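A.B. asks: Pasting the sequence and the predicted coordinates here, then a few questions.
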Amino acid sequence: MLTLLTGAASGNGFQGICGRYRRKGLLSFAPQREGEAIIFTRLDSNASVAVTLDVSLIPADPAQGERLMAILQDCADAAQQTAFADAWQERVQRLLLEFADDPRVICVTSVN
């Protein structure tokens, strides 16, 4: 997901064209996570921001837990699988359209 968000990739990313446009090796992860923030650092200026995400304000469909269990146990029928996917996408859509500017959900702060 971070690759899609940032365009950066780890060791398996795009190697570039004639030494330009390389995405490979631009995404790395610390061995241990400290807190809930993801730190993004610019390569040209070393400026960093911490980003946190709290989706608890965007309620999930109450039936999602039951649907997920059925899917994981390989006993979900087509209707359950479709309902799970639809409810998941609806929540993502709400995040992107209704809550993207809500600092309680997505918070970006400068890191010194």
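C.D. replies: Yep, it's here.
A.B. asks: any idea of the mean pLDDT for the longest helix seen in the chain?
C.D. replies: Of all segments of type helix in the chain, defined using DSSP state H, the longest is helix 78-98. In this model, helix 78-98 has a mean pLDDT of 94.
A.B. asks: List the contacts of stretch 82-99.
C.D. replies: Here stretch 82-99 makes contact (Cβ atoms under 8 Å, 6 or more residues apart in numbering) with 55, 57-58, 60-61, 63-64, 67-68, 71, 76, 105-106. (Each C-beta comes from the backbone N, C-alpha and C, glycine too.)
A.B. asks: Also stretch 3-22?
C.D. replies: L2, R23, K24, G25, L26, L27, S28, F29, F40.
A.B. asks: re earlier: can you pick the most crowded of the contacts of stretch 82-99?
C.D. replies: Highest neighbour count within those: R67, with 20 neighbours (other Cβ atoms under 10 Å).
A.B. asks: need the contact list for it.
C.D. replies: Here R67 is in contact with A76, Q80, Q81, A83, F84, A87 (Cβ under 8 Å, 6+ apart).
A.B. asks: If we use 6 Å, what do you get?
C.D. replies: By Cβ atoms under 6 Å, 6 or more residues apart in numbering, the contact list for R67 reads Q80, F84.
A.B. asks: ok, of the contacts of stretch 3-22, which come out buried?
C.D. replies: Buried residues within those, counting neighbours by 16 or more other Cβ atoms under 10 Å: R23, L27, F40.
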